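[1] Could you work out the structure for the sequence below:
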Amino acid sequence: MDPQKRETQPPAPGRERRRHPRASGDWPVTVELPDGPHQARVRDVSRGGVAFFLDRPIPEMTLLQVEFDLPSGAGIRRIRGTGAVVRCERISQALDHYEVAVFLTEMADPDRATIDTFVEEALTA
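    Numbers count the residues shown, from 1 in each chain. The predicted structure follows:
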């Protein structure tokens, strides 16, 4: 085989490509966009990102801030982070709602640790 024409194989069907485990969620998240704050609903969360449902599309690579309350061993902890939109897909043709995935580029270490604990507990429950 010619080394210049190497073929790449797609990931195996069902193979997880995410770096960090995720836990499902269903709580409010505030998304700060250039036109102001918007309320959305968390779908899932990991130390590296958050996915949520929103009533408007957000272009990929848009930088935004997110803020949500996450249950922790000490009660509720406010989580804040900044990230970039890596995916935005319309949920269905009948609904004007979108699933948005954000890669969290900036977040305080204690907030990431709280998310790690939440995910670990959710996955072992």
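[2] Output the contacting helices and strands for the strand ranked longest in the chain.
    Counting residues, the longest strand found in the chain (DSSP state E) is strand 75-92. Here strand 75-92 touches strand 49-54, strand 63-72, strand 95-107, helix 109-124, going by 3 or more C-beta pairs under 8 Å, 6 or more residues apart in numbering; DSSP states H and E. (Glycine included, C-beta is placed from N, CA and C.)
[3] strands paired with it, and their directions?
    strand 63-72 (antiparallel), strand 95-107 (antiparallel) (DSSP bridges).
[4] Look up the closest residue to V102, ignoring the ones flanking it.
    Leaving aside its chain neighbours, V102 sits nearest to G83 (4.1 Å; criterion: C-beta to C-beta, 6 or more residues apart in numbering).
[5] now M61
    Nearest non-adjacent residue to M61, counting by C-beta to C-beta, 6+ apart: A84, 5.6 Å away.
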